[in-house]
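Q: sequence unknown, structure follows:
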Ligand code: NAD
C-alpha cells in the first residue's frame, strides 16, 4: 500500500479520504527532523507551509510522486526541482480565497480603527484619555490599493466596496482588462497606487520577482496617514523599513498575517509596535476553511494515486500535462 505523509494537524474527514487510497503516516507536530525520517519511503506528501521542500529533501524520498499543498502559495516547494524529478505539485487555490479575504477585511477594519491598541489602553485604566486619542479613521470614501488582482485581491476589493464604500485602485500587470469590474481603476504604474491609497493591501505570490519588492522605494511613497496590509507572504515586504516608517510617523499602521521569519524571532521590533497587528499566518485557518482545504488536498492525492488527473496541478506545464 502506498504511503502518504501528512505533516500538519488536519481534519479527520481529510484523513478518511486519504485512507481510501493509501497508508497514512500522520505527523501533526510539523517537526522538521521527524519529517526527514518519515519522508524516506512515501509516495505522497500533504504539506503545509512550515517545511521548506528543498531538492535535498526530495532526494531523501526516491519514491515520492506527488506533493499536495494545503493552500495556495507553493513558494515553500522548490518547483523546478520537483518538476525535474517528475514530482507533481498540487495546491488548493480556490478553497481559501473567501477566508483570506475576510481576514484581510477584518485587518483593514481593526488597524484603521486601532482596535487592539485602544482595547489594551482601556484595559489598563485609560478609558477617559484613550477615547480622545482620535486615532481611528473613517473608511467611507477612502481609497484601497490592491496589489495583485487575483482570487483574493478581487474578493478583498469587492468586500471593501460593499462594506465600507471604499474606492478601489489596483495594480496587476498580468491580468486582462476584462476581469476588472466597472468602478475599479486599474493603474499601469505601481508607484501611483502607493502614492494615492489610504490602505495598501498585498495579494501577489512570493517569487523571484516579488521577493523583497515592497521596500524603501515603494513604501516611501505612501502617505503618512496610510496603512499597509499583508496577508500574502512575509518575504515580499521589507518589515524593518515598515517599522522605521511607523516609528517616524511616516505610516499610520500595518497589519501582517505573514512574516519573513515564521515564527518571528524574539523581540523583533514590530512585535512591540502599538501600530501593528499581527496574526500567526492564520488568515486561512478558520474551522470551515481548514476542513475544506485539507479535503481538497487529500482528494488531489487520491485522484493521483488512483490514476485520475488531479484538479489543481501547479507544475502542469513543466510536466507537459
Ligand atoms: P492568485 O494567483 O489568484 O492571484 C495573484 C495575483 O497576483 C495574480 O492575478 C497575478 O497576476 C498577480 N501578480 C503576480 N505578480 C505580480 C506583481 N509583481 N505585481 C502585481 N501583481 C502580480 O493568488 P491568490 O489566491 O489571490 O493568493 C495570493 C497570494 O496570497 C498567494 O500567492 C499566497 O502566497 C497568499 N496566500 C496567503 C494565505 C495566508 O494564509 N495568509 C492564504 C492563501 C494565499
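A: Everything's here; your move. Keep in mind it's a predicted model, so treat the numbers as computed, not measured.
Q: give me the distance between the strand or helix carrying residue 293 and the centre of its chain.
A: In the assignment (DSSP states H and E), residue 293 maps to helix 287-305. Relative to its chain's centre, helix 287-305 lies at 18 Å (CA atoms, centre = their mean, to the nearest Å).
Q: that one near the ligand anywhere?
A: No - Helix 287-305 is not in contact with the ligand by CB under 6 Å from any ligand atom; minimum separation 9.0 Å. C-beta coordinates here come from the backbone N, C-alpha and C atoms, glycine included.
Q: can you tell me the residue of the stretch 101-250 of the chain closest to the ligand?
A: residue 150 (1.7 Å; CB to the nearest ligand atom).
Q: give me the number of residues near that residue?
A: Other residues near residue 150 come to 19 when the count uses other CB atoms under 10 Å.
Q: the helix holding residue 293: which residues count as buried?
A: By 16 or more other CB atoms under 10 Å, the buried positions in helix 287-305 come out as 289-305.
Q: any idea which helix or strand in this structure has the lowest mean pLDDT?
A: Using mean pLDDT, DSSP states H and E, the weakest-scoring helix or strand in the chain turns out to be helix 32-38, at a mean of 94.
Q: so what touches that helix?
A: Helix 32-38 has contacts (CB atoms under 8 Å, 6 or more residues apart in numbering) with 5, 7, 25, 27, 50-51, 57, 60.
Q: what comes into contact with the helix or strand that that helix is followed by?
A: Downstream of helix 32-38, the next assigned helix or strand under DSSP H and E is strand 44-47. Strand 44-47 is contacted by residues 2-8, 10, 14, 18, 22, 39, 53, 61, 64-70, 76-77, 294, 297-298, 301, 304-305 when judged by CB under 8 Å, 6+ apart.
Q: buried among these? Need that as a selection in ChimeraX.
A: In ChimeraX, this line selects whichever of these come out buried by 16+ other CB under 10 Å:
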select :3,4,5,6,7,8,10,14,18,22,39,53,61,64,65,66,67,68,69,70,76,77,294,297,298,301,304,305
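Q: make sure residue 201 is indeed in a helix.
A: No - looking at residue 201 with DSSP: H, G, I helix; E, B strand; the rest coil, it is strand, so not inside a helix.
Q: how close does it get to residue 37?
A: In this view, residue 201 and residue 37 are 40 Å apart by CB to CB, to the nearest Å.
Q: more neighbours: which of the two?
A: residue 201 (29 against 10).
Q: show me the beta-bridge partners of that one.
A: For residue 201, the beta-bridge partners under DSSP bridges are residue 146, residue 229.
Q: give me every residue that touches it.
A: Contacts of residue 201 by CB under 8 Å, 6+ apart are 104, 108, 144-147, 153, 156, 229-231.
Q: what are the ranges of the helices in this protein?
A: All helices of the chain, identified by DSSP state H, fall at 12-19, 32-38, 55-59, 79-84, 97-112, 115-123, 127-130, 151-164, 190-196, 216-219, 239-247, 287-305.
Q: which strands and helices lie in contact with the fifth one?
A: Judged by 3 or more CB pairs under 8 Å, 6 or more residues apart in numbering; DSSP states H and E, the packing partners of helix 97-112 are helix 151-164, strand 199-202, strand 227-230, strand 253-256, strand 276-278.
Q: how about the residues of the protein by the ligand?
A: Counting by CB under 6 Å from any ligand atom, the chain sits next to the ligand at 71-73, 93, 96-97, 100, 147-153, 171-175, 203-206, 209-210, 231-233, 257-258, 281, 283-284.
Q: how about residue 179: what's its closest non-neighbour residue?
A: residue 149 (7.3 Å; CB to CB, 6 or more residues apart in numbering).
Q: surely that neighbour meets residue 202?
A: No - judged on CB atoms under 8 Å, residue 149 makes no contact with residue 202 at a distance of 11.6 Å.
Q: before I go, just wanted to say thanks for your time.
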